[in-house]
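**Q** predicted structure and sequence below. I'll ask about it afterward.
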Amino acid sequence: MLSETELNVLEILAGDARIPAKQIAVMAGIGEDEAKSIIKKLEDERIIIKYPAMINWDRVREDTVQALIEVRVTPQRDEGFDVIAEKIYSFEEVKSCYLMSGAYDLLVIVEGANVKQTALFVAEKLSTLENVLSTATHFVLKKYKQDGNIMDGGREDDRLTVS
Amino acid sequence: MDYTKILNKRIQAVPPSGIRRFFDIVSEMHDVISLGVGEPDFTTPWRYSDAAIYSLRQGRTHYTSNRGLKELCRLISRYEERFNVRYDPDSEIMVTIGASEGIDLALRAVLEPGDEVLVPDPSYVSYMPCVTFAGGRAIPVPTSAENGFIVTPEMILPRITPRTKALILPYPNNPTGGIMRPEDMRRLASALKDTNILVIADEIYAELNYTDEPLSAFASAPGMKDRTVTLNGFSKAFAMTGWRMGYACAPREILSVMLKLHQYTIMCAPTAGQYAAIEALKSGFENDFADVKRMLRQYDRRRRLIVDGLRNAGLETHEPLGAFYAFPCIKKTGLSSNDFCVKLLEQQRVACVPGDAFGPSGEGYIRCSYASSLENISEAVKRIGRFMEQYR
């Protein structure tokens, strides 16, 4: 269970991972050393995994495609879904892999250089895995919002400048 | 046509607001970082807007009853219980066009020509003019940073005359960020209970409290409910400024007079906005006011950042405990508030509001709103620091 201050630090970093520890300390009302040790602890415990930039790849590489693949599998005795999930997420092409409730078992997010390459990956690598019963592939056409951020910049500040 | 002969002299004599004056200067300039904005930078949480849109699609486009939708009044009653006061939704609550209308209604409900109203100084720009418009005389009650910009019995009692009708109690305070803690309220309440003065408690910033102690409505202080008009609304805490949704709560004898004014001048608050407000409160009760808390956490971080930045820039800044304003003292520069703000704007392209816009005791201070992004705040305090170098 994290303390309120630790949660506060996490929220600040989740909003902008580049905010230096000194400023985090100010914003959270704690000392700089405390901020640093909280961050270290969160990293050590792999609560903070990494500090990547959120990039709108659509604006960089026009052909790159992302596909959401619904995968139905047969869970294995004693192992459940973990082993088959590992077989799937070990492919570099797989960017994310989630165990789901509902009509299918794993949601796999795959990125490829183009539609054909991605479709072939699913057909040749994923579908052929032992214990995979079926797949259904959906290509992402446009990302409007990701992790709380509107990709096209959202709304301008239209407030009166002084009020 | 000689307009000066037909326009009301009392109203003509009131100068335009200092905020307005400064807005006119700023709006001529480009690339300005504004710390002058007195409203949330968050947009209204979509589910409230969606509820209003849905009400329109259902054809709910008619008047509501004068006091507002019954469901909304009931929810407001429940909401005020968060501030430890219980109002009867059928007789003690009405929905207004922002808390602003409530200020006007409360003043007009009680003032006879020449009656006096005590107004903490500095405070929101509308109180004093609204007193004048209602025929009264505003009596400023100077407050200072030393006591957190609140009013105390020692300040109030000597200013009471036979003409004193009301005290405006605007806490958490715009522009100072001062708040009345329960203990401050109890002290004031015990001094007021032997007077015949109405308290108009403008609690529009009640949710924006950065202390660990929950805030109470002034009406919850012992013996105060029957002499208090509680004003609040959805603008600040629910990021709904443009909707103009507020409410007033008061003993039925007072509320019925306010309602009479509202009935003849306004009819009712906008219907779609009332549906948005219903959703704001309903979802608030369902998710423990998650939207409000999310925004409050962000304001709190910005508050600490701006106060730290202003202090590092060399400006003495008392810690604001409520609302979303810092109110640093600029006296050491030797400049007037207005000159400071004009120079800061010209030299560094940062807009703040001169403290004297909020009353004579605001002279020597400037209001810096932190309802702005972290990037803006960081950059603004950096620029203020550069500006201050010439005064070191």
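**A** Sure thing, it's come through. Numbers count the residues shown, from 1 in each chain, chains lettered A, B, ... in the order given.
**Q** where do the helices sit along chain A?
**A** Ranges of helices in chain A, per DSSP state H, are A:4-15, A:21-28, A:32-44, A:82-89, A:115-121.
**Q** of all those helices, which one is nearest chain B?
**A** helix A:21-28 (3.9 Å; C-beta to the nearest C-beta). Where C-beta positions appear, they are placed from N, C-alpha and C, glycine not excepted.
**Q** near chain B at all, stretch A:145-163?
**A** Yes: contact of stretch A:145-163 with chain B (C-beta under 8 Å from any C-beta of the partner chain) involves A:R155, A:D157, A:R159, A:L160, A:T161, A:V162, A:S163.
**Q** what's the closest of these to chain B?
**A** Of all these, chain B sits closest to A:V162, with 3.6 Å by C-beta to the nearest C-beta.
**Q** who's in contact with the residue nearest in space to the middle of chain A?
**A** Nearest to the geometric centre of chain A sits A:S96, at 6.4 Å (C-alpha atoms, centre = their mean). Taking C-beta atoms under 8 Å, 6 or more residues apart in numbering or on different chains as the criterion, A:S96 is in contact with A:L107, A:V108, A:I109.
**Q** ChimeraX command for the buried members of those residues?
**A** Per 16 or more other C-beta atoms under 10 Å in any protein chain shown, the buried members of the contacts of A:S96 correspond to this ChimeraX selection:
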select /A:108
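**Q** still on that earlier bit, dump the helices of chain A to a markdown table, plus mean neighbour count, mean pLDDT and distance to chain B.
**A** Output for these, formatted as a markdown table (neighbours: other C-beta atoms under 10 Å in any protein chain shown; pLDDT from 0 to 100; distance: least, C-beta to the nearest C-beta, whole Å):
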| stretch | mean neighbour count | mean pLDDT | distance to chain B |
| --- | --- | --- | --- |
| helix A:4-15 | 16 | 96 | 6 |
| helix A:21-28 | 20 | 97 | 4 |
| helix A:32-44 | 15 | 97 | 12 |
| helix A:82-89 | 16 | 95 | 32 |
| helix A:115-121 | 15 | 94 | 33 |
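**Q** which among those is found nearest to B:R367?
**A** helix A:21-28 (20.8 Å; C-beta to C-beta).
**Q** now for the closest one, which elements pack on it?
**A** If you count contacts as 3 or more C-beta pairs under 8 Å, 6 or more residues apart in numbering or on different chains; DSSP states H and E, helix A:21-28 packs onto helix A:4-15, helix A:32-44, helix B:290-312.
**Q** out of those helices, which comes closest to A:Y51?
**A** helix A:4-15 (7.7 Å).
**Q** helices and strands around that closest one, which ones?
**A** So helix A:4-15, by 3+ C-beta pairs under 8 Å, 6+ apart, packs with helix A:21-28, helix A:32-44, helix B:290-312.
**Q** looking at these, which is nearest to B:A380?
**A** helix B:290-312 (7.8 Å).
**Q** immediately after that closest one, which helix or strand?
**A** Later in the chain than helix B:290-312, the nearest helix or strand by DSSP states H and E is strand B:325-326.
**Q** what parts of the stretch 1-150 of chain B come near chain A?
**A** Residues of the stretch 1-150 of chain B lying near chain A (C-beta under 8 Å from any C-beta): B:19, B:22-23, B:26-27, B:32, B:34, B:36-39, B:41, B:43.
**Q** show the buried residues in these.
**A** B:I19, B:F22, B:F23, B:V26, B:V32, B:S34, B:G36, B:V37, B:G38, B:E39, B:D41.
**Q** closest one of these to B:A357?
**A** Nearest member of those to B:A357, counting by C-beta to C-beta, is B:I19, at 5.4 Å.
**Q** that's a strand at that closest one, yeah?
**A** No: using DSSP: H, G, I helix; E, B strand; the rest coil, the secondary structure at B:I19 is helix, not a strand.
**Q** shaky segments in chain A?
**A** Chain A contains no residues with pLDDT under 70.
**Q** what residues go with each domain of it?
**A** A:4-44, A:57-143 (automatic domain parsing).
**Q** would you reformat these as JSON lines and include distance to B:E71?
**A** JSON lines is the format used below for the domains of chain A (distance: least, C-beta to C-beta, whole Å):
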{"stretch": "domain A:4-44", "distance to B:E71": "34"}
{"stretch": "domain A:57-143", "distance to B:E71": "35"}
